[in-house]
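[1] predicted model and sequence below, questions to follow.
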Amino acid sequence: MKYSFLSLCFLVCCSLGHAQKHHKKPGILVDEFLYDTASFPECHSATIEETPNGLVTAFFGGTKERNPDVEIRVCRLVNGKWTAPVSVANGIQNATLRYPTWNPVLYQIPGGDLLLFYKIGPKPSEWKGWMVRSKDNGVTWSKPEALPEGFLGPIKNKPVTLQDGSLLCPSSTEGSANSGVHFEKFDVKKNQWTMMGPVDNNGFKSIIQPTIMFHGKDTLQALCRSKECILLQTWSYDEGKTWTPLSKTNMPNNNSGVDAVTLKDGRQLLVYNHVLPDSTWQKGKGPRTPLNVAISKDGINWSAAAVLEDSPISQYSYPAVMQSKDGMVQIVYTWRRTRIKYVKIDPSKLKLKAIKNQQWPGQKKMKGELTED
């Protein structure tokens, strides 16, 4: 009886293990939080980069977005585990004045420093661009450097490297009637900034937070967040010097941030909330759930690739995505404003299904809560 009972337990455990493996989403290798507990209750706007010593993430955290105690926090992946969040930048101006920090963006200079761009200011319409550098893969950081007057740096999404080695930063002005998209070129060697744009809004309003994709030679495409209930796009055929007027894509947008990356095989991968508008939306703002991954060969026609989150409990938002040297796709995003989620994907194992008439295959309409920026 003893051995029979043990055998039965063994079979049940094997069956459960098999079931969990069977139900695992295709292509998703790792799905975990950066941390379980922290000294701050809220967090948002994560970014991720690969250094010579492994992955590094950053995000802002504090009592609540817009509060003066919000600081830029960093976690590093060391021996397969994320280090506890460490504050690396704050908005202290003097003994009596302090502003919140916003929207960090990491970028690893090949063979050089790890850069961390961020903003300081009471609100997006008044924030200023700042940067710190790390020479030891994110362990320690330099004193903050203010960007030149009028330059904000990458506003949410990562820069891309141009053929001359300079960075093209996707940027935008936010929180005012003049909100719109532009690009900023940063010559790393000369420490020199050049303004590119602004992009012609073509009658659209409040277009912000572009993400850049490559299409061979000098052709670039940028997808932008909008209040139009749809992602907008602009194209450049001279490596970012000039851009076409904004136009609509066939991909929905809930007035929340998205991010994309050009994979090594030439395909485009997009992480975003695939949410279709309804009468409850105000100013183009919809629920920030579900959170989806789509893939395209041309940046125009997209296929459903994965659903990262699909709970009606919002929000899952502000994704950042990059492809590491091993070919894996690395993603971080806001999880209900309380933690940052990390997901690792093998893009070769994703099962693609066409998105027709903006309908995500098999996806039910959700009524998640509306949230702020």
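    Alright, I've got the coordinates.
[2] all strands for the stretch 51-200 of the chain, in order.
    Read by DSSP state E, counting those that start in this stretch, the stretch 51-200 of the chain holds these strands, from start to end of the chain: 54-62, 71-78, 81-82, 86-89, 101-108, 114-120, 128-134, 145-146, 160-161, 167-173, 180-187, 192-196.
[3] from the chain's centroid, how far away is the last one?
    Using Cα atoms, centre = their mean, to the nearest Å, the distance from the centre of strand 192-196 to the centre of the chain it belongs to is 23 Å.
[4] okay, the strands of the stretch 51-200 of the chain in TSV with distance to Ala306 and mean neighbour count next?
    Using the backbone N, CA and C atoms, a C-beta is placed for each residue, glycine as well. TSV is the format used below for the strands of the stretch 51-200 of the chain (distance: least, Cβ to Cβ, whole Å; neighbours: other Cβ atoms under 10 Å):
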stretch	distance to Ala306	mean neighbour count
strand 54-62	20	24
strand 71-78	21	23
strand 81-82	22	14
strand 86-89	31	18
strand 101-108	23	25
strand 114-120	28	26
strand 128-134	31	20
strand 145-146	38	12
strand 160-161	23	18
strand 167-173	24	24
strand 180-187	27	22
strand 192-196	33	15
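[5] in stretch 340-352, what's buried?
    Residues Ile340, Lys341, Tyr342, Val343, Lys344, Ile345, Pro347, Leu350 are the ones in stretch 340-352 that count as buried (16 or more other Cβ atoms under 10 Å).
[6] hmm, back to that, so which of the strands of the stretch 51-200 of the chain comes closest to Gln209?
    Closest of these to Gln209 is strand 167-173, at 5.8 Å (criterion: Cβ to Cβ).
[7] and Val78, what's its pLDDT?
    At Val78, the model reports a pLDDT of 98.
[8] if we can go back for a sec, quick one, which of the strands of the stretch 51-200 of the chain is nearest to Ile331?
    Using Cβ to Cβ, the nearest of those to Ile331 is strand 54-62, at 10.4 Å.
[9] what average pLDDT does that closest one get?
    Averaged over strand 54-62, pLDDT sits at 98.
[10] packing partners for that strand?
    Judged by 3 or more Cβ pairs under 8 Å, 6 or more residues apart in numbering; DSSP states H and E, the packing partners of strand 54-62 are strand 42-51, strand 71-78, strand 101-108, strand 114-120, strand 329-335, strand 339-345.
[11] now the longest one and strand 339-345, what's the angle there?
    Put plainly, it is strand 42-51. 40 degrees (axes from the mean of the first three to the mean of the last three Cα atoms, to 10 degrees).
[12] what angle separates strand 42-51 from strand 54-62?
    Taking the same axes, to 10 degrees, one finds strand 42-51 and strand 54-62 inclined to each other by 160 degrees.
[13] quick one: Gln108 and Leu116 touch, right?
    No: here Gln108 lies out of contact with Leu116, judged by Cβ atoms under 8 Å, at a distance of 10.4 Å.
[14] before we move on, the earlier item: any chance of the helices and strands packed on strand 54-62 in JSON lines, plus distance to Pro252?
    Shown next, in JSON lines, are these (distance: least, Cβ to Cβ, whole Å):
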{"stretch": "strand 42-51", "distance to Pro252": "21"}
{"stretch": "strand 71-78", "distance to Pro252": "31"}
{"stretch": "strand 101-108", "distance to Pro252": "23"}
{"stretch": "strand 114-120", "distance to Pro252": "27"}
{"stretch": "strand 329-335", "distance to Pro252": "17"}
{"stretch": "strand 339-345", "distance to Pro252": "21"}
